[in-house]
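1. task: produce atomic coordinates for the following.
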Amino acid sequence: MRFNPGKNDRRGEQQNTGTVNATGNEIMYKLHWTCWHKWILDPGGNTVLIWNRAFLISCVASQCVDPLFFFLLTVESAYTPCMKIDHHFAIGLTYLRTLIDMFFIVQIATRFFTAYIDPGSIMLGKGELVTDPKRIAYRYIRTNFFIDVAAALPVPQILVWAILPSLSFRYINTSLFLIILVQSAVRLYTAIQLSVDIIKTVGFLTKNGWTGSIYNLFLYLVASHVVGSIYYLLAVGRQKTCWETQCSIEDQMTDDAPCDFKFLGCIYGTSNQSRIWAKSTKVFTECDVDSDNIYYGIFISAMKNGVSEISFPEKYFYSLWWGMQQLTTYGNPLVTSSYIGENLFAIGLTLLSIGLFAQLIGSMMVYMRSLSKNAEDWRIQRIEMEDWMTDHQIPDDLQKRICRFLEYKWIATQGVEEGSILKQLPVDLHRDIKKWLCLDLVQRVPLFSAMDHQLLDAICEHMNYLLCTEGTYIIREGEPVKVMTFIFRGKLESCTTDGGRTDFFNSIILKPGDFCGEELLTWALLPSSGDSYPLSTRTVRTITEFEAFSLQADDLKFVASTFRMMHSKHLQHIFRFHSHQWRTWAARFIQSAWRRHISQQKTAERGLSSRWKSFFSLIDDNATEERRQNMEGSSSSRSQAAEFPFSKIATIFLKAQNNRPEEPDFSVGDHPN
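-> Predicted coordinates for the structure are as follows:
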């Protein structure tokens, strides 16, 4: 068996080439998929939400613009009564409608790039997000693609600029304009579906009750606008039908001046032939609103007011008022004729008014309830509290304090419970919110200026909101201190009698940025503090409405045991420097030292004066004794008397030194507990 290296080598080259090609195709596919993946949008993301709201506004705007095409058909009676299409108004509507159509085209393109949640993966939570462009396109084409295409078609533009100019006046029927109404219904379905998607994503359509109420009232106004526009179109169509009917009758009965339908249109309505026909015809006389040959039914008010002949603002607001009146009265004042189209319109209008009015009332109740929910809950709580105080015979002064607290709490919080809101959030968000609320306040306290951010974050995490009214005692002197309070609004009075000492009283005012309950910090730094809380050396009482953040004793103990920085001498010196309690103690210590110094100085002066008096009296005594001895003339006794004064002076000085008053001990009464 011979080995052919060339053949095997070529086969290896072919295999390697195939591998390289396969790898290259795979790389190109991955690059292609990666490029497309960058354009895929999250259905719950902020970009899609903003676009959905903008597209919803365009849908509502479309419902306002489309019915305006019904007002294009108008009656002109300059020479002879005729009917025409207002092309100047049609140009403006075309531009406006084309601008709105662009939103629907962008919506179709956006749906091809918006991911969706796989329904089969929804077990717990949100489910799996499908980002494959092929699967997204396949799902969209199977569901809402053709509906969105039907909604994006420029139907009014095609009707006004392509279909109507190619038809004679006889074949221009009001039913052609109702095609616009069909597309408006498709767009209304798109808007409803979009509203449901927004509610599923964020839970609400509008952020507050007032916006929701205004939005529902505006939708009701849009519905009145649509109904009034249809009413105007049907009224003009009813008049055109009467003209055509009378023209057909007259054409069969008269041979001299036959009636031609083209004379009813304003294109030929100004010719000499049409003027001759207008003088001889009875079409306009027979179709007059006061004629006994025709009954316009629900359109009689429009005919009497000449709505089809007046200016656009006048006919529009008349139609809008008529539509709003019928929707709010369920069509009760309508008196129809035997015309089938008129009766069908009246039946549909009645059903629509019942449904829309029920929807409006229901939505308004929901939004108004959301506006007054907190106020209603507070009112019920206030009534329950008053009943409870009456049943338990609470004194009047306590009742006033309780009512004042409830009122101030409502003014400050509007019924929003901060604690219940924060409990619903995860630990990370809870910590960040507490940091945002408390960090600025804590940093304004000079006590914490030397602390690092980690320690400040730990302190903020354990902060609690505190609200009190005027005259509330935060802590009383001699009671256990269980909370340290940091003020950010209001004023407090902090006073002490030093444990009930007579003739001693110290009072200060605590303002925003100050703190009280600093006994807890010394207690928390002691390793053997145990469960017995320190006793307060001051009485703290609110003198205005008061808001603060509080730090419980156990939380402060936990922070102090976790962070060793709390035990540093530098931090404790800063704490004592900014503590009003330690400042009061320092002032007392300085006063005591000064009084002791003055007392010692006075004592020394009195001792020195007595010593000099004794010294001079001793000298006098010695002089007297010396004179006496000189008179006796004894030399031996004279020498003994000369030595005596010096020994006596030394004895007096020793007695004065032993009788000096002792220094007072301030270590017991002047140091803090």
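
2. C-alpha only now, for contacts and for neighbours.
-> Will do.

3. just give me the neighbour total for residue 253.
-> Residue 253: 11 surrounding residues under other CA atoms under 10 Å.

4. same question, residue 119
-> 11.

5. what's near enough to touch the residue nearest to the spatial centre of the chain?
-> The chain has residue 207 as the residue nearest its centroid, 7.7 Å off, counting by CA atoms, centre = their mean. By CA atoms under 8 Å, 6 or more residues apart in numbering, no residues touch residue 207.

6. checking my notes, it in a helix, right?
-> No: if the criterion is DSSP: H, G, I helix; E, B strand; the rest coil, then residue 207 is coil and not within a helix.

7. roughly how far does residue 234 sit from residue 319?
-> Note on residue 234: its distance to residue 319, by CA to CA, to the nearest Å, is 11 Å.

8. to clarify, my last question referred to residue 429.
-> Distance from residue 429 to residue 319, counting by CA to CA: 54 Å.

9. just to revisit the earlier point, quick one: pLDDT of the residue nearest to the centre of the chain?
-> Looking at residue 207, its pLDDT reads 70.

10. one step back: neighbour count for residue 234 and residue 319, which is higher?
-> Higher neighbour count among residue 234 and residue 319: residue 319, with 24 against 19, using other CA under 10 Å.

11. so the more buried one sits against residue 225, correct?
-> Yes: the pair formed by residue 319 and residue 225 meets the contact definition of CA atoms under 8 Å, at 7.5 Å.

12. show me what contacts the residue lying closest to residue 545 once chain neighbours are set aside?
-> Leaving aside its sequence neighbours, residue 545 sits nearest to residue 469 (CA to CA, 6 or more residues apart in numbering; 4.5 Å). Residue 469 makes contact with 404-405, 408, 542, 544-546 under the criterion CA under 8 Å, 6+ apart.

13. drop anything exposed from those residues.
-> Buried by 16 or more other CA atoms under 10 Å: 405, 408, 542, 544-546, out of those.

14. in helices only, show me the residues you listed.
-> Judged by DSSP state H, the buried ones among the contacts of residue 469 include 405, 408 as members of helices.

15. next, format the buried ones among the contacts of residue 469 as JSON lines and append pLDDT and distance to residue 253.
-> Below are the buried ones among the contacts of residue 469 laid out as JSON lines (pLDDT from 0 to 100; distance: CA to CA, whole Å):
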{"residue": "405", "pLDDT": "79", "distance to residue 253": "92"}
{"residue": "408", "pLDDT": "73", "distance to residue 253": "88"}
{"residue": "542", "pLDDT": "86", "distance to residue 253": "102"}
{"residue": "544", "pLDDT": "82", "distance to residue 253": "97"}
{"residue": "545", "pLDDT": "80", "distance to residue 253": "95"}
{"residue": "546", "pLDDT": "79", "distance to residue 253": "96"}
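
16. which residue ranges of the stretch 101-250 of the chain form strands?
-> For the stretch 101-250 of the chain, the strands defined by DSSP state E, counting those that start in this stretch occupy 116-117, 129-130.

17. angles on the backbone of residue 83, please.
-> phi -120, psi 140 (degrees, to the nearest 10).

18. okay, it and residue 274: tell me how far apart.
-> For residue 83, the distance to residue 274 equals 13 Å [CA to CA].

19. the residue nearest to residue 299 when sequence neighbours are not counted - how many residues pack around it?
-> Excluding the flanking residues, the one nearest residue 299 by CA to CA, 6+ apart is residue 235, at 5.6 Å. Close neighbours of residue 235, defined as other CA under 10 Å, add up to 24.

20. now for residue 235: which residues touch it?
-> Counted by CA under 8 Å, 6+ apart, residue 235 has contacts 299, 302-303.

21. tell me which of those residues fall in helices.
-> Judged by DSSP H, the contacts of residue 235 include 302-303 as members of helices.

22. I'd like the contacts of residue 235 as TSV, with distance to residue 170, pLDDT and neighbour count appended.
-> Output for these, formatted as TSV (distance: CA to CA, whole Å; pLDDT from 0 to 100; neighbours: other CA atoms under 10 Å):
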residue	distance to residue 170	pLDDT	neighbour count
299	22	86	22
302	23	86	20
303	21	85	19
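
23. with respect to residue 177, which of the contacts of residue 235 is nearest?
-> The shortest gap between residue 177 and any of the contacts of residue 235 belongs to residue 299, at 18.2 Å (CA to CA).

24. next one: that closest one from residue 49, what distance?
-> Residue 299 sits 44 Å away from residue 49, going by CA to CA.

25. do the same with residue 64
-> 23 Å.

26. which intervals of the stretch 351-500 of the chain have sub-threshold pLDDT?
-> Along the stretch 351-500 of the chain, the parts satisfying pLDDT under 70 run over 368, 370-376, 411-419, 441, 444-452, 499-500.

27. got the residue ranges for the helices in it?
-> 396-413, 418-423, 427-444, 453-461 (DSSP state H, counting those that start in this stretch).

28. how about these, which one is nearest residue 195?
-> Among these, helix 418-423 sits nearest to residue 195 (CA to CA), with 26.9 Å.

29. which non-adjacent residue is nearest residue 131?
-> Distances taken as CA to CA, 6+ apart put residue 115 closest to residue 131, at 5.1 Å, once the chain neighbours are dropped.

30. also residue 349?
-> Using CA to CA, 6+ apart, the closest residue to residue 349 is residue 331 (6.7 Å).

31. what of residue 435?
-> residue 460 (5.4 Å).

32. quick one, what contacts the one you found?
-> By CA under 8 Å, 6+ apart, the contact list for residue 460 reads 431, 434-435, 438-439, 442.

33. of the strands of the stretch 101-250 of the chain, which is nearest residue 307?
-> strand 116-117 (50.4 Å).

34. paired strands for the closest one, with orientation please.
-> Using DSSP bridges, the strands paired with strand 116-117 in its sheet are strand 129-130 (antiparallel).

35. how distant is the partner strand from the center of its chain?
-> Strand 129-130 has its C-alpha centroid displaced from the chain centroid by 31 Å (CA atoms, centre = their mean, to the nearest Å).
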